[in-house]
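Asks: quick one: sequence and predicted model below, then my questions.
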Amino acid sequence: MAAGSIRYLTQKLAQEIDRELMQPEVGGFALEQLMELAGFSVAQVIAKEYAAERYPRVLVCCGPGNNGGDGLVCARHLVHFGYQPSIYYPKRTQRQVFQNLVKQCENLAIPVLDANVRTAEKQADVIVDAVFGFSFSGSVREPFVDVLRMFCETKRPIVAVDIPSGWDVEQGCTQLGADTFQPDILVSLTAPKLGARTFRGRAHYLGGRFIPPEMDKRYDLNIPKYHGTDQCVRLTADSVESS
């Protein structure tokens, strides 16, 4: 790893850092705090890259895990940023924190859909992939098979949250196929995962401005400097590991 370049994380290390962040005696964060900061950073990236005047309709596709929670938070902030988001959430999580996030979205009159993702895609200007996060493994099952197929076929720009759904977290996208795609924008959270090395889209951002300096130093993450009050920072070739 070049001196000063941000570290790419294995799946195991990403999970370890996530656990530490939520341990009361170490990081001290609650899950909902991390999802709030992550989802806010994704919404900020969208505001930077897709002006609400030109791309007002954002379809946020959410999975049942924490990545989906990030998407729900993102949708809520997009309303306050002047967008018209809708949410595709076909497999809801019954944990209270996720029910609260859905309620917050419903209070803002954000449509929360559980069917007809193809119809929703046709009415969108931008799509957010918040289906599977870095802990996902195994094969994709319904109702998400058709969602990933839509990601592969759509002409709309896609913003992927942390790792594009369908990618191997460490191997990334080895080839485009029926269940793999290249998003227009990738928003890595905490630090990029190894699979992000195969990202060939237009812009790669880092979001989730919550890593304390001690953890940054201990894990040799080399988190780049965020500017002002921004919750995201665009990564450049000089700031990331060489492949």
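Replies: Received the coordinates, thanks.

Asks: only C-alpha atoms for contact and neighbour calcs from this point on.
Replies: Will do.

Asks: how about the strands in the protein?
Replies: 57-62, 84-88, 112-113, 126-130, 158-161, 185-189, 203-207, 232-234 (DSSP state E).

Asks: now for the first one, which elements pack on it?
Replies: Which is strand 57-62. Applying 3 or more CA pairs under 8 Å, 6 or more residues apart in numbering; DSSP states H and E, one finds that strand 57-62 contacts helix 66-80, strand 84-88, strand 126-130.

Asks: which residue ranges form the helices in this protein?
Replies: Taking DSSP state H as the test, the helices found in the chain are 11-21, 31-49, 66-80, 96-107, 117-122, 145-153, 213-218.

Asks: centre of the chain versus the first one, how much separation?
Replies: Shown here is helix 11-21, whose average C-alpha point lies 16 Å from the average C-alpha point of the whole chain (CA atoms, centre = their mean, to the nearest Å).

Asks: who's the spatially most central residue of the chain bridged to?
Replies: By CA atoms, centre = their mean, the chain has its centre lying nearest to residue 161, at 1.5 Å. Counting by DSSP bridges, residue 161 forms beta bridges with residue 187.

Asks: surely it touches residue 42?
Replies: Yes - here residue 161 reaches residue 42: they are 7.2 Å apart, a contact under CA atoms under 8 Å.

Asks: spit out the residues that contact the two alike.
Replies: residue 187 (CA atoms under 8 Å, 6 or more residues apart in numbering).

Asks: shaky segments in the protein?
Replies: 1-4, 175-179, 238-243 (pLDDT under 70).
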